[in-house]
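K.L.:
Got a sequence here, can you build the structure:
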Amino acid sequence: MNNPRNVLFVPHGAPTFAIDPGAAGAAMSQVANVLPTPRAIIVVSPHWDTSIPTVSTAKQLETIYDFHGFPNALYSIKYPATGCPEGAQEVVAALQKRFPQVAIDPTRGLDHGAWTPLRQMFPEADIPIIPVSIQSRAGTAHALAMGEALQELTQKGFLLIASGNITHNLGDYQMAAMRAGQTPPYVQVFADWVQAQLNAKRLQNLIDYRQHSPEGVRSHPTEDHLLPLFVALGAAGKDATAQAFYRGISSHVIAMDGYQFV
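P.N.:
Residues are numbered from 1 along each chain as shown. Presented below is the predicted three-dimensional model:
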């Protein structure tokens with residue numbers, strides 16, 4: 001892959017991905033293995049949702065188990081990452097150039113949307129991590145602007161990892177888990193539509209996906225899990241090309257597509 005940007009959109013799937021990463025996890029590991037070692041990783045997860053952009057300045061990052069009713073083995077996993085308070089201040093400064101209000105959180109650790117892919121890609125937990133929140137009600141253009149604000153840092157040794165899922169309907173996930181049902185057609189249709197828009201660089205179609213894709217609303221009853229894709233798009237830059245490093249479906253209804261940008 002020629003001249004990769006320091007930007008990734010990665011899937012995190014259901015919490016059980018942490019103990020059964022499968023082919024998606026292997027693909028993520030392979031991508032990480034060929035990246036230059038970053039100064040620090042900025043991680044954006046849909047499971048840290050705040051009213052304004054917020055940056056963790058914690059020195060040690062707690063492993064947060066923000067899920068219930070899953071196998072006991074998940075609750076014993078630790079990802080003992082360190083924070084990067086100095087780098088976090090650079091993230092704050094970059095965001096302040098675009099947003100009038102930016103907050104810091106001196107204690108925020110890593111939710112499963114962050115530590116699950118990080119543990120797969122950087123198992124030694126030897127790279128400092130800077131968590132950044134999303135604003136689920138602010139929309140896709142806001143998430144894109146967040147990424148645009150962070151783009152300058154991707155050129156200064158920071159790696160941005162945006163963690164989410166191309167489809168995420170919790171009601172359909174729970175139904176499939178109870179009934180061991182088949183994958184509804186909309187899952188693959190929407191994932192294919194997203195890839196087509198990325199390939200054609202139809203950014204406005206993606207921003208307005210709920211109007212342009214008949215499957216958009218069902219794929220994301222709430223927008224939180226798709227917003228990290230827009231952060232990645234903004235950070236990669238308008239001239240970037242998205243290249244899928246993995247495409248597939250997990251747990252019947254979760255599209256696990258991951259993208260690197262060149």
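K.L.:
ok now do residue 133, which residues does it touch?
P.N.:
By C-beta atoms under 8 Å, 6 or more residues apart in numbering, the contact set of residue 133 is 44, 48-50, 53-55. No exception for glycine: its C-beta is placed from N, CA and C like everyone else's.
K.L.:
Among these, find me the one that's closest to residue 161.
P.N.:
Lowest distance from residue 161 to the contacts of residue 133 (C-beta to C-beta) belongs to residue 44, with 7.3 Å.
K.L.:
Then residue 156 would be within a helix, right?
P.N.:
No. Under DSSP: H, G, I helix; E, B strand; the rest coil, residue 156 falls outside any helix and is assigned coil.
K.L.:
how close does it sit to residue 20?
P.N.:
36 Å (C-beta to C-beta, to the nearest Å).
K.L.:
circling back to that earlier point, what about burial for the contacts of residue 133, which qualify?
P.N.:
Among the contacts of residue 133, the ones that count as buried by 16 or more other C-beta atoms under 10 Å are 44, 48-49, 53-55.
K.L.:
just these now: which is nearest residue 8?
P.N.:
Nearest to residue 8 among those is residue 44, at 10.5 Å by C-beta to C-beta.
K.L.:
what about the closest one, helix or strand, and which?
P.N.:
Taking DSSP states H and E as the definition, residue 44 sits inside strand 40-49.
K.L.:
how much space between the closest residue to residue 82 other than its chain neighbours and residue 220?
P.N.:
Distance criterion C-beta to C-beta, 6 or more residues apart in numbering; nearest residue to residue 82, sequence neighbours excluded, is residue 128 at 5.2 Å. From residue 128 across to residue 220, the span is 31 Å (C-beta to C-beta).
K.L.:
how far away is the residue positioned nearest the centre of the chain from residue 196?
P.N.:
Taking C-alpha atoms, centre = their mean as the criterion, residue 163 is the residue nearest the geometric centre of the chain, at 1.3 Å. Residue 163 sits 23 Å away from residue 196, going by C-beta to C-beta.
K.L.:
before we move on, what about residue 105?
P.N.:
38 Å.
K.L.:
Which of these two has more residues huddled nearby?
P.N.:
Between residue 105 and residue 196, counted using other C-beta atoms under 10 Å, the more crowded position is residue 105 (16 against 11).
K.L.:
Just list the residues touching the more buried one, thanks.
P.N.:
Counting by C-beta under 8 Å, 6+ apart, residue 105 touches 54-58.
K.L.:
Next, format those as TSV and append pLDDT.
P.N.:
Output for those, formatted as TSV (pLDDT from 0 to 100):
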residue	pLDDT
54	99
55	99
56	99
57	98
58	98
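K.L.:
Next step: those restricted to strands.
P.N.:
54-56 (DSSP state E).
K.L.:
Could you dump those residues into a markdown table and include distance to residue 208?
P.N.:
Formatted as a markdown table, the ones in strands among the contacts of residue 105 follow (distance: C-beta to C-beta, whole Å):
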| residue | distance to residue 208 |
| --- | --- |
| 54 | 27 |
| 55 | 28 |
| 56 | 31 |
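K.L.:
picking that back up, which strands border the strand holding residue 44, and is each parallel or antiparallel?
P.N.:
Strand pairing for strand 40-49, determined by DSSP bridges: strand 129-134 (parallel), strand 158-164 (parallel).
K.L.:
And the longest one, what's buried?
P.N.:
To tie it back to what came earlier, the one meant is strand 158-164. Within strand 158-164, the residues scored as buried using 16+ other C-beta under 10 Å are 158-164.
K.L.:
Closest one to residue 67 out of those residues, please.
P.N.:
The closest of the buried residues of strand 158-164 to residue 67 turns out to be residue 163 (C-beta to C-beta; 14.4 Å).
K.L.:
got the contact list for the closest one?
P.N.:
9-12, 43-46, 113-114, 116-117, 228.
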